[in-house]
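Colleague: dropping the sequence and predicted coords here.
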Amino acid sequence: MEKILDVRDMVPKDRHPRIFNTFNDLKAGESFILVNDHEPKPLLYQFQAEHHGEFEWWPLEQGPHVWRVAVAKREVNNAKRTITEFLQADHKRLDNVFIKFTKDVKENNWEGASGYFKEFRMGLKRHIRIEEDLLFPVFESKTGMHEGGPTAVMRMEHKDIQELLDRILAVTDEKDPAKIHAAANALVSILTDHNMKEEHILYPESDEFLSEAERSEVIKKAQLI
């Protein structure tokens, strides 16, 4: 069972020390869920300054009253991480959340299914923003490929993915397993091919032409989205 650290009832001066102590006590590959009453951007800046390359930061819920973030200690402690490793890790994380969603749908656990899908939807929309706001512009600038290039195709696929995410959310709220199954299959079909193109073409090519400093800057900006 994942560790949960809820700091909402703690006095502010005690929060950051408690959070960092919890992180330091993690073994490689372990994580905890931080629950807060405000957006923890200052905390993230501190993590980036003191633990660059050592942690993962995955927002699960972003207000307006509760903020939840999964904070993980990376199995490989290396500040020289690649775009491929960073975004591929997010693909795997989201795949696992989606599996939990489909399992709860099969078991008619609608509260669990709704929670997992909202987490998945928010995470995938964030992933798309990271690509479109940060990675695609850098890729297009470095390669000169704009219209007709791989990012143009991926942007079109992103629109289809976002429409399916909204459709699945609606039919999950309706508690309609048949419609969920159909829309989920369509989403998996698109994502399987889409993620493969990203992981085998876009991400590795981006790693090739970006310097170590540029890769680090993209990842730091991505964590802040």
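Modeller: Okay, I see it. Note that the coordinates shown come from a computational prediction; the quantities given were computed from them, not determined experimentally.
Colleague: contact partners of the helix or strand of the chain with the lowest mean pLDDT?
Modeller: Least confident helix or strand of the chain, by mean pLDDT, DSSP states H and E, is helix 136-143 with a mean of 91. The contact list for helix 136-143 (Cβ atoms under 8 Å, 6 or more residues apart in numbering) reads 145-146, 149-151, 154-155, 202, 205-206, 209-210, 214, 218. No exception for glycine: its C-beta is placed from N, CA and C like everyone else's.
Colleague: now stretch 118-125
Modeller: 58-62, 90, 93-94, 97-98, 101, 161-162, 165, 168-169.
Colleague: domain ranges for this structure?
Modeller: 3-73, 83-223 (automatic domain parsing).
Colleague: show me how far the helix or strand harbouring Lys92 is from its chain's centre.
Modeller: Using DSSP states H and E, the element containing Lys92 is helix 83-106. Relative to the centre of its chain, helix 83-106 is centred 9 Å away, using Cα atoms, centre = their mean, to the nearest Å.
Colleague: next SSE after that helix?
Modeller: From helix 83-106, the next helix or strand downstream (DSSP H and E) is helix 110-130.
Colleague: circling back to that earlier point, elements contacting the helix holding Lys92?
Modeller: strand 55-62, helix 110-130, helix 177-197, helix 203-209, helix 212-223 (3 or more Cβ pairs under 8 Å, 6 or more residues apart in numbering; DSSP states H and E).
Colleague: what angle sits between the first one and helix 212-223?
Modeller: Going by axes from the mean of the first three to the mean of the last three Cα atoms, to 10 degrees, strand 55-62 is angled at 30 degrees with respect to helix 212-223.
Colleague: pull out the buried positions in the helix holding Lys92.
Modeller: For helix 83-106, burial by neighbour count (16 or more other Cβ atoms under 10 Å) applies to 83-87, 89-91, 93-94, 97-98, 100-102, 104-105.
Colleague: quick one, that helix and helix 212-223 angle?
Modeller: 30 degrees.
Colleague: and for helix 83-106, what's in contact with it?
Modeller: Contacts of helix 83-106 (Cβ under 8 Å, 6+ apart): 56, 58, 70, 110, 112-113, 116-117, 119-120, 123-124, 127, 130-131, 135, 172, 177, 180-181, 184, 188, 195, 198-199, 203-204, 206-207, 210, 215, 218-219, 222.
Colleague: ok, 7 Å please
Modeller: 56, 58, 112-113, 116-117, 119-120, 123-124, 127, 135, 177, 180, 184, 195, 199, 203-204, 206-207, 210, 215, 218-219 (Cβ atoms under 7 Å, 6 or more residues apart in numbering).
Colleague: also stretch 151-167?
Modeller: 121, 124-125, 128, 132, 136, 139-140, 183, 186-187, 190-191, 194.
Colleague: check which residues of that stretch are buried.
Modeller: Judged by neighbour count using 16+ other Cβ under 10 Å, the buried positions of stretch 151-167 are Thr151, Met154, Glu157, His158, Ile161, Leu164, Leu165, Arg167.
Colleague: ok, back up a step: any chance of a markdown table for the helices and strands packed on helix 83-106, columns distance to Glu39 and mean pLDDT?
Modeller: Shown next, in a markdown table, are those (distance: least, Cβ to Cβ, whole Å; pLDDT from 0 to 100):
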| stretch | distance to Glu39 | mean pLDDT |
| --- | --- | --- |
| strand 55-62 | 7 | 96 |
| helix 110-130 | 14 | 97 |
| helix 177-197 | 28 | 97 |
| helix 203-209 | 28 | 94 |
| helix 212-223 | 13 | 95 |
